[in-house]
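Asker: Got a predicted structure here, sequence first:
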Amino acid sequence: MSGVSVKLNNARCNMDCLYCYEREYREELSARPLNVEEIKKVMKSEKEQTGQTGMYLHGGEALAAPLSVVEDILAYGYELFGRTSLQTNGLVLTEEQIKLFKKYKTHVGVSFDGPWPLNRFRISQDEKMSKKATETIYNNIMRLRANGISVGVITVLTKANGLPAQRDAMKKWVKEATEIGIGGRLNSCVNHGPHADEILLTEEELGDFYADMAKFTLTEIDSSSWQPFRDIVDNLLGLQQGTCTFAYCDFYHAEAERAVLSDGTLNGCLKTSAETGNVYPRHLNDPASKQWKEIRPKILSETPYEYGGCQGCKYFVNCSGSCPAEAIDNDWRNRTYYCKAYYKLFETVEKLLRRMLPNVALTTDVPSDRFKGLSVQSGGFNAFGAILGSSMQSTWRGGKSQKDFLVDRSGGQKQQSKCAPGEAHQDGGRTMRPHGDKPHGDHTDHGDG
Amino acid sequence: MKKTDFIEGLDVFPTTRTVWNDKNYEQEFAPLLRRVAGIHHKAEYLMVREGVRKCATTHLSPKSFDQMIEQITKDGLVWLPIQRTKTYGGFSHKHFPVDELSMDTSVYGVLARNIEDAEAFREASRGDKTDHDVLGELLGFPPCCTKFFNEVWMDGFYDPVWQSAERSKDAQIDGRVMKLPEVNPYTNQFMRYIGLRFTSHFPCSIECEKSIEIGKEWERISAMVDEYGTQKLKELLSLSFKWSVNHGIAVVETKPFTIVANSMPTKERWEVNVG
């Protein structure tokens, strides 16, 4: 969902998660005053001037704000967009809040790394308190669902929940959540702090997790709502780039999160503030930002792997070097330090798609220069074009793979698709989303329930 | 830093950007930077008119050539064209030659007090016969800095701030990371991507005495353009900062703002910490 991220409490929070990227600037950022009218002005401007279709409360901890303020903003969001959303740590949940969620059709995203001990890096370093809080959050998730509230979870993958020894417990939780209508995102962890070695999975460990869980969520459970796996399917098929992790990002104007602070200040994704504490202001429409979004993919595509780049990578168009806030050495000019993990994720999903649909074309079947904008949506790509254009119309019959088709008849795809590179596809009346309007990866979408 | 530290073929197009590190800094510094960044260009003209330098390089744009020609003529100066070039936004170490002039082009040329100096400059600028010693002398560069330019810039290090800094006696270098207690504002070229500089030449060292003398001349002439702005320019050039270059992009981080610009295509990050 594209939407405005409203930070009523800025980075203030009633928890102290070990890996939180907001630790660096929490105190300074949270000193800002609250100006509800300014926030509303921004919400309205974002809808009218940048076409945002929703809003979500984010933090810090969104629900630590006074209930009357939360209601005021949710009511206004509902008036503007017809639905609302928020991201919470789920530690405190009152009946009054649940009433608000019902009234304003609020989707609730809960930050939860799984039942104890998977969640042990959340809360604090006090294990007893963390365990008790984890149980509270788990129970609150169940309460929300029991009340018919749409719920998603954001899970941050660390050494507490992403290692092989924890896999069965994680799968059990994902299956249980799925069965009660919960989906969510299994996100990599961004952390450059003093505990990073203790917390962060290696790229090999994360790759092992993603490969295993991709197979699990795409083939073993009845789920269509766990990310990044579904995003990767769409991405490889050339339908959508997916979550912001794999999209172009201007580090200094990271508008995948269109955040507004408590005083009405506009800023982007605060992951980019994790090291310096700088809160780079965002402008509603910054013409320079498009050019700057393209610079990182350009330099990475021309920089060899051994020097922190992505030159020659099969999945470069799909991944774009990934989130600049998780770049090697915390330098956005490098690719992600989780490169091998994402490579393995794309590779695993690609294999699944090819086994299921051997005649389908994937974005990896064509040269990357086909995608002029260096994103999967820029190439006028039609994964099913050759299947539908052949007399056989089969995902497997015919013996010739779509890849052969593409090699044998260069330009064949172009004849199937009437779109020029960079233009939006018109596919069954559906218009592709323009670039720069990616779902933000630190917030779960509507529709998960 | 050696040429083998570069990624072959990576060339980022000219681009420069100022990022505010907080909204409050934007409100405080944006008007100031706009004011200060325009001083150098005007001072460069005055350096010739006031007889401090024999020549200066300047671009005439089709958008404003009429005003420029009038000013040059009234001031009794001369200007000769050298190269038609495409207009670019930001920082560039080279021209982008074009045959035809249009509104997105300009003409690079030499401004001088007399036609002899202008001709000499143009002659020394011709293609593969470029004579940087002559150009340096006409532009008023210290011979040591012209020599530095010939050695370093001509060897492909077209953004040689690292090279200029590493010659400082106070530089502490650990691999690709350098620490400096301070940089003299008159020799500080780390922020020139957005026009913050005194001298137009690259000092052979941030401690170059000749460059500091010339920098003071620039300060005097700049004050004729904007006294308050010149004082602020000196303050900005005295800020603590961290400069780094990686994969063709330089980033200069100060407390209130961050400058991002195209630079040398290093394979790895090189960093200079000042203050």
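Answerer: That came in fine, so what should we check first?

Asker: Now do stretch A:278-287: everything it contacts.
Answerer: A:25, A:29, A:45-46, A:49-50, A:252-255, A:258-259, A:261, A:265-268, A:270, A:272-273, B:19-23, B:26, B:258 (C-beta atoms under 8 Å, 6 or more residues apart in numbering or on different chains). No exception for glycine: its C-beta is placed from N, CA and C like everyone else's.

Asker: now the chain, which segments are flagged as low pLDDT?
Answerer: Just going to use chain A. Where chain A drops to pLDDT under 70, the residues are A:1, A:124-125, A:373-374, A:399-449.

Asker: oops, I was thinking of chain B
Answerer: For chain B (pLDDT under 70), the answer is B:89-91, B:93.

Asker: Near chain A, which residues of it? Just list them.
Answerer: By C-beta under 8 Å from any C-beta of the partner chain, the residues of chain B that approach chain A are B:7, B:9-10, B:12, B:15, B:17, B:19-23, B:26, B:244, B:246-249, B:251, B:253, B:258, B:260, B:267-269.

Asker: can you give me the strands in chain B?
Answerer: Secondary structure of chain B (DSSP state E): strands at B:16-20, B:55-60, B:78-86, B:105-112, B:172-174, B:177-180, B:241-246, B:249-253, B:257-262, B:270-274.

Asker: Format those as JSON lines; extra columns: distance to residue A:320 and mean neighbour count.
Answerer: As requested, the strands of chain B are exported to JSON lines (distance: least, C-beta to C-beta, whole Å; neighbours: other C-beta atoms under 10 Å in any protein chain shown):
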{"stretch": "strand B:16-20", "distance to residue A:320": "20", "mean neighbour count": "20"}
{"stretch": "strand B:55-60", "distance to residue A:320": "36", "mean neighbour count": "20"}
{"stretch": "strand B:78-86", "distance to residue A:320": "29", "mean neighbour count": "17"}
{"stretch": "strand B:105-112", "distance to residue A:320": "34", "mean neighbour count": "22"}
{"stretch": "strand B:172-174", "distance to residue A:320": "33", "mean neighbour count": "11"}
{"stretch": "strand B:177-180", "distance to residue A:320": "28", "mean neighbour count": "16"}
{"stretch": "strand B:241-246", "distance to residue A:320": "17", "mean neighbour count": "23"}
{"stretch": "strand B:249-253", "distance to residue A:320": "16", "mean neighbour count": "23"}
{"stretch": "strand B:257-262", "distance to residue A:320": "18", "mean neighbour count": "24"}
{"stretch": "strand B:270-274", "distance to residue A:320": "25", "mean neighbour count": "20"}
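
Asker: could you dump these to TSV with distance to residue A:386?
Answerer: Shown next, in TSV, are these (distance: least, C-beta to C-beta, whole Å):
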stretch	distance to residue A:386
strand B:16-20	43
strand B:55-60	52
strand B:78-86	42
strand B:105-112	46
strand B:172-174	57
strand B:177-180	53
strand B:241-246	42
strand B:249-253	40
strand B:257-262	41
strand B:270-274	48
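
Asker: helix, strand or coil for the closest residue to residue A:50 other than its chain neighbours?
Answerer: Residue nearest to residue A:50 in three dimensions, not counting chain neighbours: residue A:284, with 5.8 Å by C-beta to C-beta, 6 or more residues apart in numbering or on different chains. Put simply, residue A:284 is coil when judged by DSSP: H, G, I helix; E, B strand; the rest coil.

Asker: Quick check: residue A:284 vs residue B:188, distance?
Answerer: Using C-beta to C-beta, to the nearest Å, we find residue A:284 at a distance of 35 Å from residue B:188.

Asker: Mind naming the longest helix for the chain?
Answerer: Went with chain A since none was named. Counting by DSSP state H, the longest helix found in chain A is helix A:127-146.

Asker: switch to chain B, that's the one I care about
Answerer: Counting residues, the longest helix found in chain B (DSSP H) is helix B:209-225.

Asker: buried sites along it?
Answerer: By neighbour count on 16 or more other C-beta atoms under 10 Å in any protein chain shown, the buried set for helix B:209-225 is B:210-212, B:214-215, B:217-219, B:221-223, B:225.

Asker: Output it as PDB, restricted to C-alpha atoms.
Answerer: Only the C-alpha atoms of helix B:209-225 are listed here, as PDB (Å, rounded to 0.1, in the frame of the first residue of the first chain):
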ATOM      1  CA  GLU B 209      51.800  28.900   1.800                       C
ATOM      2  CA  LYS B 210      51.500  30.400  -1.700                       C
ATOM      3  CA  SER B 211      47.900  29.100  -2.000                       C
ATOM      4  CA  ILE B 212      47.100  30.600   1.400                       C
ATOM      5  CA  GLU B 213      48.400  34.000   0.200                       C
ATOM      6  CA  ILE B 214      46.400  33.700  -2.900                       C
ATOM      7  CA  GLY B 215      43.400  32.600  -0.900                       C
ATOM      8  CA  LYS B 216      43.600  35.800   1.100                       C
ATOM      9  CA  GLU B 217      43.600  37.800  -2.200                       C
ATOM     10  CA  TRP B 218      40.400  35.900  -3.200                       C
ATOM     11  CA  GLU B 219      38.900  36.800   0.200                       C
ATOM     12  CA  ARG B 220      39.600  40.500  -0.300                       C
ATOM     13  CA  ILE B 221      38.100  40.500  -3.800                       C
ATOM     14  CA  SER B 222      35.200  38.300  -2.700                       C
ATOM     15  CA  ALA B 223      34.400  40.800   0.000                       C
ATOM     16  CA  MET B 224      33.900  43.400  -2.800                       C
ATOM     17  CA  VAL B 225      31.100  41.100  -4.100                       C
END
